[in-house]
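prediction below, plus the sequence it came from.
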Amino acid sequence: MSRTRPLLRADAVSRRYGSRVALLPTSLVISEGETLGLVGPNGAGKSTLLALLAGATEPTSGGLESRPGLRIGWAPQRTALYGRLSARENLEFFVRLEGERASRSAAAALLADFELPLDSVAAADLSAGTRQRLNLAAAMIGEPEVLLLDEPTASLDPERRRRFWQLATRVKEAGGALVFATQNLDELDMFADRVLALRGGAVVFEGAPDDYLQQYAERLHA
Amino acid sequence: MRTIALLLQKDLRLLRRSPVLLGILVAYPIAIALLVGLVAGYASAKPRVALVDEEGLPSVVVVGGERFDVAATIDRVSEDVTLVRLPRAEAERQLRTGKIVASLTVPVGFMSDLRRMARSPRLELRTTRGGLSTRVTQQVQALVYSLNRQLQSAYIDANLDYVRLIRKGGDGSFLGRRFEVLGLDGTERLLAGLPPDERVDRVRRFIRIAGLALDQTDDALRATANPIELVTVSEGGRTWVLSAQIQAYALALTISLLALLLAAGAIAAERDENVIGRLTRGLATLGQIVLAKIALAATVATALGLAIAVAFGAIIELGEVEGGEPWGRLPVLAAGIVLAGASLGAVGALLGVAAREARTASLVALLVALPVVFLGLVPREVVPEAGLASDAFPFAHAVRYFGSALYDSSPWAALLREAAWLLGIGTVFAVAARFGARRLSA
C-alpha cells in the first residue's frame, strides 16, 4: 500500500459562537486521494468543521495547517452567491478574484460542466437545484486540490447527482481530496473512503464506511 | 487594489440591477434635503402676530402737521409678519395656545398722547417664550423705530416751523391757542425806526447773531436727532434658496444620507448573500471588503454630488443670479465630495457590520444619519455642545468644506483643515469597521 501525503491538517480546532459550542476540539488529517464523509444529525458541527477547513471561519482554538500553495474549493450548505447576478456573472466575478485572467472562458467551462443557464436570469430567480449547481461550480473555480462540500447533492435530481459525482471525483483522481458532509448513507457508502461522525460538536466515530454503516444499522435495530 | 476594484465593480453592477433601490437612494436624500430646505424656509416665514386695536386707529393720522397713513404702516409690518386683528381676550387666548407668537396692543388714549406730545404714547407687545418671539420682538422694535423716525421728522418739522416763526414772525398756534409773533426780522425792522442808541445797537447785534444761529437750527436739529443714519440702498444678493449656505447644506445632506445608507446596506448584504466566507478564504480580506464599500459610497456620492452641483450651477447661470456659479471651483468641490463620501461611507460600513443584516443596517443608518445631520444644522453659536458632537461626524465638516470651496475668496486654509478632519474621521471609522467586520464572518 502506497503511503499518501497529508494535504490538510486540523489540530484540536474548536469553534464557539458566544456561549454556544459549535465544535469541540477536533483533530483531523486529510490526505492525497482520500474521500472523507462527514455525518451526524443537524447541528452536529459538520458545517462548522468544513468552514474551518475552508478558512471561511476562524477557529476559537487550535490550528490548521495545509500544504503550501494548496488550492481549496468550498461549497457551503447555504448557497454563497450574489442573487442579482446571473450564473455567468457570479462565476466570472469569483474567477477574476481568483486571479485568473481568462475569466470568460473559465466561467464558460464551468457553466457547461454544471449545465447552468447561459442567459441573464438572476441567481435568485433560479430553481433551488440550479442554484446549488452554481454553488458547486463556484467551488470548482481555480482547479482546487481539496474540495470541501456541505451536503452538495441535497437538492439535485438523480441525473445531476450522478453528473456531479463524476466531476467531483476527478479532483480525487488528480491526487486531491474530497471532504463532504451528507445525510445520504448511499452516497457515503459509494464515495467515502473514511467516515467521521459528529454529535453535539464532538467526534463520535472515525473509521471505514462499512463499520459506520454496520454500527448505524445495529443502533437502528436495537 | 485590483481586488477592491473588482468588488466595487460588482457592487456598482448590483446597484444598477436594482433600479428601484437606486432611484430611492438618489431621490430620498434629495427629498430630505428639499424638506429641510422648506423647514429652513419656514424659519424665515412670517410669524402670526395679533394686532389689538383698542384705540380704533383711524386710517390717516395728522401729527405735527404731517399726515400718517396708518393702513400703509400696517401693510408694511405685514411684509414681515402676518398681522391679524383680534380683540384683546381672543389675542390672549391665542397667545396662550401658541396660535400667535405675539400680540401688539394699541391702548386707549394712544392717539391723544400722540397728538398732544405731552408724553410718549405706548404700544404694548406681548410674546410667547423662545422660538420666534425674539424675531417678532426685533421686528416690532424695528417698526417702532421706523414710526419714531417718521414722528421725529414730523416733530422736527413742527419745531422748525416755530423756529421760523421766531425768525420771520407771523401767526402761530400751540396747544390750540393762536397767537401772533413779531419775530426777529420784525424786531429788526422796528429797531431801524428808533433813534441811534448804544442799547439799540446791542439789541440789533443780538438779533443778527440770533438770526444766524437760528438759520443753522434745521441741519443741527436733524443731525442731533440722528447721530448715525442707516441708509438702505437696495436689496441685493441671492434669495435664501439659492444661497451658498443652502447649496453646501443640500450637497452635504444628500451625500450623507446616500453614503451612509449605501455603505451600511452593501456591507450587510454581503453577509445576507452568505458570500463573506467564500470571499475571505483567500479571495479578499475583510479590510478589502470594507474599503470596497467605502469606495462604493464615495463613487456614488461623487456622481450624485457633482450632478447636484452642476444642476444648481445651471439654475444660477440660467437665472442670472447675483454672484454667478464658481465653475472653476468644481474640481476642488469634487475632491471634497469624494472625501466626504468616503468618510461617510466609513461610518456607514461600521453601522453595516454592527447591524449585520441589510434591512437592519439600512434602518440603523437612517436612524443615525438624521440626528447626525440635524446636529450639524444646529448653529454652534446657539448650542456649543451640538457643535462639538457634530465635529465627531463628517457631515458638519463636509458642509464647511463645500461652503469654502464654492464661495470663500481665500478657501485653502479652511479646505485643508476640513479635508484633514474628513480624512481623520473616515480613517477612525474605517478601522473600527474593519475590526467590526469579524462579526460578518461569524
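Alright, I've got the coordinates. All of these numbers come straight from a predicted model, not from anything done at the bench.

elements contacting the longest helix seen in chain A?
In chain A, with assignment by DSSP state H, the single longest helix is helix A:158-173. With contacts defined as 3 or more Cβ pairs under 8 Å, 6 or more residues apart in numbering or on different chains; DSSP states H and E, helix A:158-173 has these neighbours: helix A:128-139, strand A:146-150, strand A:177-181, helix A:185-191. For glycine as for every other residue, the C-beta is placed from the backbone atoms N, C-alpha and C.

any chance of the ones you listed in a markdown table, with mean pLDDT too?
Converted to a markdown table, these look like this (pLDDT from 0 to 100):
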| stretch | mean pLDDT |
| --- | --- |
| helix A:128-139 | 93 |
| strand A:146-150 | 94 |
| strand A:177-181 | 94 |
| helix A:185-191 | 89 |
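
residue B:416: which of those is closest?
helix A:128-139 (46.6 Å; Cβ to Cβ).

do you know which of the helices and strands packed on helix A:158-173 lies nearest chain B?
helix A:128-139 (7.0 Å; Cβ to the nearest Cβ).

residues of that closest one that come out buried?
For helix A:128-139, burial by neighbour count (16 or more other Cβ atoms under 10 Å in any protein chain shown) applies to A:130, A:131, A:132, A:133, A:134, A:135, A:136, A:137, A:138, A:139.

of those, just say which sits nearest to residue A:168.
residue A:136 (8.1 Å).

next up, the contacts around that closest one.
A:75, A:114, A:149, A:152, A:164 (Cβ atoms under 8 Å, 6 or more residues apart in numbering or on different chains).

can you count the residues close to residue 26?
Unless you meant another one, I'm taking chain A. 22 (other Cβ atoms under 10 Å in any protein chain shown).

chain B was what I was after
Residues near residue B:26, counting by other Cβ under 10 Å: 17.

same thing with residue A:97?
Neighbour tally, residue A:97, other Cβ under 10 Å: 22.

up against chain A, what does chain B have?
With Cβ under 8 Å from any Cβ of the partner chain as the criterion, chain B comes near chain A at residues B:3, B:6, B:10, B:13-14, B:17-18, B:273-284, B:438, B:441-442.

can you list which of those are found in helices?
Short answer: those in helices (DSSP H) are B:3, B:6, B:10, B:13, B:14, B:276, B:277, B:278, B:279, B:280, B:438, B:441.

isn't the first one right next to residue B:284, touching?
Yes: contact between residue B:3 and residue B:284 holds when scored by Cβ atoms under 8 Å: they sit 5.0 Å apart.

who touches both of the two?
Shared contacts of residue B:3 and residue B:284 (Cβ under 8 Å, 6+ apart): A:97, B:292.

the closest residue to residue B:355 other than its chain neighbours: helix or strand, and which one exactly?
Distances taken as Cβ to Cβ, 6 or more residues apart in numbering or on different chains put residue B:361 closest to residue B:355, at 3.8 Å, once the chain neighbours are dropped. With elements taken from DSSP states H and E, the one containing residue B:361 is helix B:358-377.

in the helix or strand just after that helix, which residues are buried?
Where DSSP H and E defines the elements, the next helix or strand beyond helix B:358-377 is helix B:384-391. Within helix B:384-391, the residues that count as buried by 16+ other Cβ under 10 Å are B:386, B:387, B:389, B:390, B:391.

do the same with stretch B:395-413
For stretch B:395-413, by 16+ other Cβ under 10 Å, it's B:395-408, B:411.

averaged pLDDT, stretch B:402-411. What do you get?
Over the span of stretch B:402-411, the pLDDT mean works out to 82.

so what does residue A:21 have for phi and psi?
The phi/psi pair for residue A:21 (degrees, to the nearest 10) reads phi -90, psi 120.

against chain B, how distant is it?
Remark: distance between residue A:21 and chain B (Cβ to the nearest Cβ, to the nearest Å) = 14 Å.

you'd agree that residue is up against residue A:43?
No: here residue A:21 lies out of contact with residue A:43, judged by Cβ under 8 Å, at a distance of 10.8 Å.

neighbour-wise, which of residue B:3 and residue B:284 wins?
With neighbours defined as other Cβ under 10 Å, residue B:3 and residue B:284 compare such that residue B:284 has more, 21 against 18.

contacting residues around the residue of chain A found nearest chain B?
Of all residues in chain A, the one sitting closest to chain B is residue A:56 (3.1 Å; Cβ to the nearest Cβ). Residues near residue A:56 by Cβ under 8 Å, 6+ apart: A:74, A:76, B:276, B:277, B:278, B:280, B:281, B:441.

got the residues of chain A near chain B?
Residues of chain A lying near chain B (Cβ under 8 Å from any Cβ): A:17, A:51, A:54-58, A:72, A:74, A:76, A:78-85, A:89, A:93-94, A:96-98, A:122, A:138.

now the strands for chain A?
Assigned by DSSP state E, chain A shows strands spanning A:6-17, A:20-31, A:35-39, A:61-66, A:72-75, A:146-150, A:177-181, A:194-199, A:202-207.

for the one residue in chain B that gets nearest to chain A, which non-adjacent residue is closest in space?
As assessed by Cβ to the nearest Cβ, chain A sits closest to residue B:277 within chain B, at 3.1 Å. In space, and not counting its chain neighbours, residue B:277 is closest to residue A:56: 3.1 Å by Cβ to Cβ, 6+ apart.

phi, psi of the one you found?
The phi/psi pair for residue A:56 (degrees, to the nearest 10) is phi -80, psi -20.

ok, back up a step: just checking, what packs against the helix holding residue B:361?
Under the contact criterion of 3+ Cβ pairs under 8 Å, 6+ apart, helix B:358-377 touches helix B:244-272, helix B:330-355, helix B:384-391, helix B:394-407.

columns distance to residue B:300 on top of the ones you listed, output as JSON lines?
Listed next are those as JSON lines, based on distance: least, Cβ to Cβ, whole Å:
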{"stretch": "helix B:244-272", "distance to residue B:300": "6"}
{"stretch": "helix B:330-355", "distance to residue B:300": "7"}
{"stretch": "helix B:384-391", "distance to residue B:300": "23"}
{"stretch": "helix B:394-407", "distance to residue B:300": "15"}
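
coming back round to it: who touches the residue of chain B closest to chain A in this structure?
A:51, A:54, A:56, A:57, A:74, A:76, A:80, B:441.

export those residues to TSV and tack on pLDDT and distance to residue A:174?
Formatted as TSV, the contacts of residue B:277 follow (pLDDT from 0 to 100; distance: Cβ to Cβ, whole Å):
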residue	pLDDT	distance to residue A:174
A:51	92	24
A:54	91	19
A:56	86	23
A:57	87	27
A:74	92	18
A:76	93	23
A:80	92	24
B:441	71	30
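
export those as JSON lines, with columns for distance to residue B:168.
Listed next are the contacts of residue B:277 as JSON lines, based on distance: Cβ to Cβ, whole Å:
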{"residue": "A:51", "distance to residue B:168": "110"}
{"residue": "A:54", "distance to residue B:168": "112"}
{"residue": "A:56", "distance to residue B:168": "108"}
{"residue": "A:57", "distance to residue B:168": "108"}
{"residue": "A:74", "distance to residue B:168": "112"}
{"residue": "A:76", "distance to residue B:168": "110"}
{"residue": "A:80", "distance to residue B:168": "106"}
{"residue": "B:441", "distance to residue B:168": "102"}
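
which one of those residues sits closest to residue B:86?
Using Cβ to Cβ, residue B:441 is the member of the contacts of residue B:277 that sits closest to residue B:86, with 67.7 Å.

ok, the closest one touching residue B:278?
No: using Cβ under 8 Å, residue B:441 makes no contact with residue B:278, being 10.4 Å away.

give me the more crowded residue out of those two.
Between residue B:441 and residue B:278, counting by other Cβ under 10 Å, residue B:278 is the more crowded of the two (26 against 18).
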